[in-house]
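Trainee: quick check, what structure comes out for this input:
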Amino acid sequence: MASSATASADWVNSSRSFALAWGIPTLALIAGSFASEPLRAMIWSAALAWMGTACLINARRCGRTHCRYTGPFYLLLIIPVVMLGFGVISLGAYGWWILGAIILLGGKVIWWATEKAWGKYVNESG
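Mentor: All right, here's what the predicted structure looks like:
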């Protein structure tokens, strides 16, 4: 069971901090879907950097298990976003949809799987 200090430090537990750390960049990902590919790559890269950094900071603040994994996941996804956006790679007609699904669904799967396996916070029983 997490201590109240740990839970209160968790940005995921506050609707305001959750909206700032992950809601705004998620909306940017959605809005960026309607931009040109180079602009989309820049918007998505900024959103992923924002979310990845927020996850890593939150993991350090409170020990939230999934944040230890979603942070690097989001940061690493900047690479294919930039490569697709600037034509370095091609994923076909549905490339952006595929990448968007990997970003959004991948983060949710990591969240669920890590907290199911290891608990909500580091050193917590699942």
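Trainee: only C-alpha atoms from now on, for both contacts and neighbour counts.
Mentor: Will do.
Trainee: where along the chain do the strands fall?
Mentor: With DSSP state E, there are no strands along the chain.
Trainee: where does pLDDT dip in it?
Mentor: For the chain, the stretches with pLDDT under 70 are 1-5, 123-126.
Trainee: one more pass at 50, please.
Mentor: For the chain, the stretches with pLDDT under 50 are 126.
Trainee: count the neighbours of G119 for me.
Mentor: 19 (other C-alpha atoms under 10 Å).
Trainee: do R16 as well
Mentor: R16 sits with 11 neighbouring residues when counted by other C-alpha under 10 Å.
Trainee: would you check how far apart it and S36 are?
Mentor: Here the criterion is C-alpha to C-alpha, to the nearest Å. By it, R16 lies 31 Å from S36.
Trainee: how about L56?
Mentor: 30 Å.
Trainee: which of these two has more neighbours?
Mentor: Using other C-alpha under 10 Å, the more surrounded residue of L56 and S36 is L56, with 19 against 11.
Trainee: list the residues that contact the more buried one.
Mentor: L56 makes contacts with 67-68, 71-72, as judged by C-alpha atoms under 8 Å, 6 or more residues apart in numbering.
Trainee: wait, which of those is closest to A7?
Mentor: Distances from A7 to the contacts of L56, taken as C-alpha to C-alpha, are shortest for C67 (13.6 Å).
Trainee: now the closest one: closest residue in space that isn't a chain neighbour?
Mentor: Using C-alpha to C-alpha, 6 or more residues apart in numbering and skipping residues adjacent in sequence, the residue nearest C67 is C55, 4.7 Å away.
Trainee: right, and that neighbour touches R68 too?
Mentor: Yes - judged on C-alpha atoms under 8 Å, C55 makes contact with R68 at a distance of 7.0 Å.
Trainee: number of residues surrounding E37?
Mentor: Number of residues near E37 (other C-alpha under 10 Å) recorded here: 18.
Trainee: that'll do, ta.
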